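>>> can you look at this prediction? I've put the sequence above it.
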Amino acid sequence: MTIASVTNCRALPFSKGLELKSFVMMLILVLVWGGNSYAQSRIKATVIDRLGNAHEVAKFAFQDRAELEYYVGATRQVKPLNQIERIVFEGNRGDEEQTISVHLRTGTTELGSILTGGNAAPRAHDTFGSGRAEVLFTGVSELGPFLMRLNEVREVKIRHPPGAPIVREKRFKAVIVSLKGERFEVSNLRYLGKPKFYFKQGRMSRSLSISKIEKIDFDASQSSEEKRPVTIALRSGKVMQGTVDISHVRLPGETDRSYYTRLNEVFTGASASGRFSIGLQDVKQIRFRPEENENISAAEAKKSAQ
């Protein structure tokens, strides 16, 4: 790998010591990320930068993940890249947060916003030193390893294999009981924007698809504690125990909005009264049940969306 092959994407101009330092940090990141994202992502994409240059990228990933994280209104969305057809960025290069149009393979389009970089602290704390966010698309081009900041991107067209089926996201209904005894019936429930629940067992991080979970009980904890014990009852009959992080410590460079979201909008969904959100520190119990799950072809999806 050469530095030239990475910088050819025109995404990393630098003229000062600080920018050079930032570039070196990003280069280290792409070396670390490469092994993981290249192995995990089979996505191919055409990335069009703000100068109109088109880059053909294999093993395409966003922040080392084969999924895109963005916001629709105040609600976090996490969509697998294999469900997305096209992403269009609007606004100026210097904007730290930009409006995007996410065109899904089902034929629907979501208008939202996404953190594109600069000196802003990320909403999900993927930082490399002192709170600075480097928000990147990565992959492999014909010139070698590829990385580009989101604020350098105008459009992304994801190339899917012909006839690849569309997997509709599973939706889950839940009954949530708060520590105050309040009871909420919630549809399309998400944990950090995903249909998965993340927790720890000792030092090991674990994740479970919500489709496998029947109930989660949250044990009482003191306000000064940073972790909260959970008991997870699976549909298979198995019971697992672990902890979740409920730290109120503010992260370096974290904005008021991202701090509030991290604490109070962990579980999100829709209730009879509108949008629903609640933090881990306020939940006593959650019971899940699936709403729907359907696999369709791309042609059927677009026909049903018309």
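Perfect, thanks for sending it.
>>> what segments of the stretch 1-150 of the chain are strands?
Remark: strands assigned in the stretch 1-150 of the chain by DSSP state E, counting those that start in this stretch are 44-49, 54-62, 67-72, 75-80, 84-89, 97-104, 109-115, 136-141, 144-149.
>>> of all those strands, which lies closest to I176?
strand 75-80 (16.1 Å; Cβ to Cβ). Any C-beta I mention is one placed from the backbone N, CA and C, and that applies to glycine too.
>>> circling back: deepest in the core, which of the strands of the stretch 1-150 of the chain is it.
strand 136-141 (a mean of 23; mean count of other Cβ atoms under 10 Å).
>>> run me through the strand neighbours of that strand, direction for each.
When sheet partners are counted by DSSP bridges, strand 136-141 sits next to strand 54-62 (antiparallel), strand 144-149 (antiparallel).
>>> next, the angle from it to strand 67-72.
Here the directions of strand 136-141 and strand 67-72 differ by 150 degrees (axes from the mean of the first three to the mean of the last three Cα atoms, to 10 degrees).
>>> excluding its backbone neighbours, what's nearest the residue nearest the centre of the chain?
With the centre of the chain defined as its mean C-alpha position, the nearest residue by Cα atoms, centre = their mean is E69, 3.2 Å away. Computed as Cβ to Cβ, 6 or more residues apart in numbering, the closest residue to E69 that is not its neighbour in sequence is V78, at 5.0 Å.
>>> check contacts around the one you found.
Taking Cβ atoms under 8 Å, 6 or more residues apart in numbering as the definition of contact, the neighbours of V78 are E67, L68, E69, R190, L192, G193, K194.
>>> can you tell me which of the strands of the stretch 1-150 of the chain the model trusts least?
Ranked by mean pLDDT, these end with strand 75-80 at the bottom, a mean of 85.
>>> what strands flank that strand, and is each parallel or antiparallel?
For strand 75-80, pairing defined by DSSP bridges yields strand 67-72 (antiparallel).
>>> extract the C-alpha trace of the strand it pairs with and format it as PDB.
Listed next in PDB are the C-alpha coordinates belonging to strand 67-72 (Å, rounded to 0.1, in the frame of the first residue of the first chain):
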ATOM      1  CA  GLU A  67     -24.500  -0.400   7.500                       C
ATOM      2  CA  LEU A  68     -25.300   3.300   7.400                       C
ATOM      3  CA  GLU A  69     -26.200   5.300  10.500                       C
ATOM      4  CA  TYR A  70     -28.200   8.500  10.100                       C
ATOM      5  CA  TYR A  71     -31.100  10.400  11.600                       C
ATOM      6  CA  VAL A  72     -34.700  11.000  10.400                       C
END
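>>> so what's V102 up against?
L68, Y70, Q77, K79, I84, R86, I87, T109, E110, L111, G112.
>>> measure stretch 240-258 end to end?
As for stretch 240-258, its first-to-last residue distance stands at 30 Å under the measure Cα to Cα, to the nearest Å.
>>> which of the contacts of V78 sits closest to L147?
Here the nearest of the contacts of V78 to L147, counting by Cβ to Cβ, is L68; it sits at 15.9 Å.
>>> can you give me the distance of the closest one to E152?
In this structure, L68 and E152 are separated by 16 Å, where distance is defined by Cβ to Cβ, to the nearest Å.
>>> R190 now?
Using Cβ to Cβ, we find R190 at a distance of 29 Å from E152.
>>> the closest residue to G181 other than its chain neighbours in helix, strand or coil?
In space, and not counting its chain neighbours, G181 is closest to K284: 8.0 Å by Cβ to Cβ, 6+ apart. The three-state label given to K284 by DSSP: H, G, I helix; E, B strand; the rest coil is strand.
>>> dump the residue contacts of K284.
Counting by Cβ under 8 Å, 6+ apart, K284 has contacts V177, S178, L179, G181, D217, F218.
>>> of those, which is the most crowded?
With neighbours taken as other Cβ atoms under 10 Å, the top of the contacts of K284 is F218, carrying 21 neighbours.
>>> run through the bridge partners of that residue.
As assigned using DSSP bridges, the partners bridged with F218 are V230.
>>> correct me, but it touches G279?
No. Contact status for F218 versus G279: not in contact, 11.0 Å apart, counting by Cβ atoms under 8 Å.
>>> for burial, what's the neighbour tally of V167?
Residues near V167, counting by other Cβ under 10 Å: 14.
>>> surely it is in contact with K79?
No. In terms of Cβ under 8 Å, V167 does not count as a neighbour of K79; the distance is 11.5 Å.
>>> chain center to stretch 75-91, what's the gap?
Taking Cα atoms, centre = their mean, to the nearest Å, the mean C-alpha location of stretch 75-91 is offset from the chain mean by 10 Å.
>>> show me what contacts F267?
Counting by Cβ under 8 Å, 6+ apart, F267 has contacts I176, V186, L189, R190, Y191, F276, S277, I278, G279, L280, V283, I286.
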